[in-house]
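Asks: heads up, no residue letters with this:
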């Protein structure tokens, strides 16, 4: 299922972040030396990157179409480079697609930056006062389970009914669970179990709703230069996370956690607005015997 496969990249990224935070927190508790704990964590991260490089170099299969062009020249490369960009912006509904890439995850772009600080900050500062190890467990274990299950369920749903049929349920799924942070910021529960349940719900909804985002990128990039066009789509995806995230800390400092998370819910209006503009073929995403 293309929907399931497309969510694994996001899942692996968040899983790695959470597990590394758990490792750093555990080492910090055991050794009492914060610089040493993070030094070991980054050594482990470097080893993971080396292992992934070896996997890609010697084991990862290559598609039959992946081969060098017969003739490669500097002028030809530059011409192809500019042609790729030109044709991307000439695609039908390109403006709507770019707006969707930038704004669909507007709430998540800000929430992702302030979620961990909220869990770590002490009660008197409006946070939940969790330890580094507890945050690693919440985000890297419980959150990943929810994200994985949501992503798999989203892929199965789209494979059976198509992206257009499941688009709006996925929009609700990625937006509505953000409300758990509003509740947590006001209630500030001291039960780690309850916090884990809330994060699980939020991450499950995000995993389910994120499937629609990744599949639309594939849908829009289809056609000539689809690999390069998909790369441009992922650049807009990163931009849509980076720009709002840059302002998240400033907003939180001025609003406080309570009002900041209410602002996140208001930003969900942008998610619904850009989704309403999309034009998607009813059969796209459905599993066929050929696929």
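Replies: That came in fine, so what should we check first? For clarity, every value in this text was computed on a predicted model and none was experimentally measured.
Asks: And the contacts of stretch 112-120?
Replies: Outside of stretch 112-120, the residues that reach it under the criterion C-beta atoms under 8 Å, 6 or more residues apart in numbering are 21, 126-130, 132, 134-135, 138-139, 181, 184-185, 195, 241, 245, 248-249, 252, 257, 260. Every residue, glycine included, has its C-beta placed from N, CA and C.
Asks: For residue 193, give me its contacts.
Replies: Contacts for residue 193 were tallied using C-beta under 8 Å, 6+ apart; there are none.
Asks: Buried residues in whichever strand or helix holds it, which are they?
Replies: Assigned by DSSP states H and E, residue 193 belongs to helix 192-221. By neighbour count on 16 or more other C-beta atoms under 10 Å, the buried set for helix 192-221 is 195-196, 198-221.
Asks: which of the contacts of stretch 112-120 count as buried?
Replies: The neighbour-count test (16+ other C-beta under 10 Å) marks 21, 126-128, 130, 132, 134-135, 138-139, 181, 184-185, 195, 241, 245, 248, 252, 257, 260 as buried among the contacts of stretch 112-120.
Asks: so how far is residue 259 from residue 243?
Replies: Using C-beta to C-beta, to the nearest Å, we find residue 243 at a distance of 21 Å from residue 259.
Asks: Give the helix, strand or coil label for residue 237.
Replies: helix (DSSP: H, G, I helix; E, B strand; the rest coil).
Asks: low pLDDT regions in the stretch 1-150 of the chain?
Replies: 1-18, 62-74, 76 (pLDDT under 70).
Asks: so where do the helices sit in the stretch 101-250 of the chain?
Replies: Remark: helices assigned in the stretch 101-250 of the chain by DSSP state H, counting those that start in this stretch are 106-120, 132-137, 143-161, 163-175, 179-187, 192-221, 226-276.
Asks: Out of those, which is closest to residue 79?
Replies: Counting by C-beta to C-beta, residue 79 lies closest to helix 226-276 out of the helices of the stretch 101-250 of the chain; the figure is 13.2 Å.
Asks: any idea how far residue 179 is from residue 205?
Replies: Computed as C-beta to C-beta, the residue 205 to residue 179 distance reads 10 Å.
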